[in-house]
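K.L.:
return a 3D structure for these sequence lines:
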Amino acid sequence: RIGSLLDEVKSREFLGYAYDGAESSFELLARRKLGQVPDYFDVENFRVTVERRHNATGDLVTVSEATVKLKVGGETFHNVATGNGPVNALDQALDLLLAAKRPVILVGQGGLIGEATDVLMEFIKLLRIPVMTSPNGKGTIDETHELSFGPMGRNGPYAANEGTRNADVILGLGCSFDDRATSAWISGYTLTIPPTRLIQIDNDPAEIGRNYPVHLGILGDIKASLEVLVRRAREKVKAAKTYDDWLARLNECKKIWNGYQEPFMGADRMPMRPERLLKGLTNVVPENALFATDVGVHHNWIVQLWKARRPRHLLQSWGFASMGFATCGILGAKLAQPESPAIAVCGDGSFLMTPHILLTAKEYDIPAVWVVWNNHGYCSIRDMQLGMFGQELATSFQIDKTKQLHSADFVMLARSMGVDAARVEIGRAHV
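P.N.:
Numbers count the residues shown, from 1 in each chain. Here you go, the predicted structure:
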């Protein structure tokens, strides 16, 4: 059995350009496979030897030997597997995309980390495939591009979810398929895998097939893999490959969605609609701005409605969702890129975690703008409490005896620290 596991390990290959972590990536994959070994095996030593060679599709890093040393009942055994894996995985991926009727490219945060935007744009010039992102992958593609349909998931727009759940082939690039991106893995809501065939490319072997079964898994660097796909597509495709019926269907979904949102975006009433605020920000925030969002209800609306224009210009907190991330972090972003305007959108709850940052900005003359989205509470938690239990506990900011909503006067708070401030209402601002 150990031999068969090693055969599977040594059949994998890592595509990249002089990627120094290839050995450790293979070791991670092998250890994951060896985790299936019964407990009475004591894995004493693992070693993998790789070889690098160049061919027409790029630099390939391939296992040439994998060795594991095991102890069973005090006796030591060695198993060795040697040989080269298949070299046509990306050719298979390209063929699947060319044959598909409803393909989708899905880009996760790995696309941002791998700086894959430019080569992604080259690829979709050759294969005009609609592009969706995970919420955390927003910004990998300019979301005003005609082939961009926004982020999938429970906060994503209609066209993005309609595309990913009806695709026949999905090319997943650096996407972990977490619960928020997949609408809690509810089949048919955001994804339907299977029957959708998933091609998953990731440089972390633990991610491949973790949450959805893969039709084709490729352990590889996102940018390097896309560069190979571009070269191979240029060889195979004489004119741009189009999917006109599929794009027309998704563009109709986009039209329906925009029509639904339009009345809210133009609504001049108080309390202000979230759509109205995002529309106002869209009108005034320049393309090169650093736009940071803190944790809270407002983050859901930003994922859904904000059009990210450039990589790494929309700054988000994910994972454990640290409140105060944008409130403070916007100063660090401004110091790192002083030529760009810096705007942080914060809920009143997240802003009150670290309001002292205004003093820091004043003391060191760091220009930034904070937009405080005041809904009087920790409303992400409040809404879940109400939805699940029918009541809320200690999440609304209110006078306990009267239950009247109450929060800070943020204009006075900012002014007390020497920072200009205004309270915005429809049609006027209170300075």
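
K.L.:
so where is the stretch 1-150 of the chain shaky, pLDDT-wise?
P.N.:
1-87 (pLDDT under 70).

K.L.:
could you rerun that using 90?
P.N.:
Residues of the stretch 1-150 of the chain meeting the criterion pLDDT under 90: 1-92.

K.L.:
the stretch 201-350 of the chain now?
P.N.:
201-225, 227-228, 231, 238-239, 266-272, 295-297, 317-324.

K.L.:
list the residues that contact Leu405.
P.N.:
His376, Gly377, Ser396, Phe397, Gln398 (Cβ atoms under 8 Å, 6 or more residues apart in numbering). Heads up, the C-betas are built off the backbone N, CA and C, glycines and all.

K.L.:
between those residues, which sits nearest Ala184?
P.N.:
Proximity of those to Ala184, judged by Cβ to Cβ, is greatest for Gly377, which lies at 23.8 Å.

K.L.:
tell me, how many residues neighbour the residue lying closest to that closest one once chain neighbours are set aside?
P.N.:
Closest residue to Gly377 apart from its sequence neighbours, by Cβ to Cβ, 6 or more residues apart in numbering: Ser396 at 4.1 Å. Residues lying near Ser396 (other Cβ atoms under 10 Å) number 19.

K.L.:
surely Ser396 and Ile381 touch.
P.N.:
No: using Cβ atoms under 8 Å, Ser396 is not in contact with Ile381, being 10.0 Å away.

K.L.:
just the CA trace of stretch 382-401, in CSV.
P.N.:
The C-alpha trace of stretch 382-401 is given here as CSV (Å, rounded to 0.1, in the frame of the first residue of the first chain):
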residue,chain,number,x,y,z
ARG,A,382,-27.1,41.0,15.8
ASP,A,383,-28.6,39.9,12.6
MET,A,384,-27.5,36.3,13.0
GLN,A,385,-28.8,36.3,16.6
LEU,A,386,-32.2,37.5,15.4
GLY,A,387,-32.3,35.1,12.4
MET,A,388,-31.3,32.0,14.4
PHE,A,389,-32.8,32.7,17.8
GLY,A,390,-35.4,35.5,17.3
GLN,A,391,-33.7,37.8,19.8
GLU,A,392,-30.4,39.6,20.2
LEU,A,393,-28.1,40.0,23.2
ALA,A,394,-25.7,42.9,23.7
THR,A,395,-25.1,43.6,20.1
SER,A,396,-27.2,46.8,19.5
PHE,A,397,-25.9,50.1,20.8
GLN,A,398,-28.8,51.3,22.9
ILE,A,399,-29.9,52.7,26.2
ASP,A,400,-30.8,49.7,28.2
LYS,A,401,-33.8,51.0,30.0
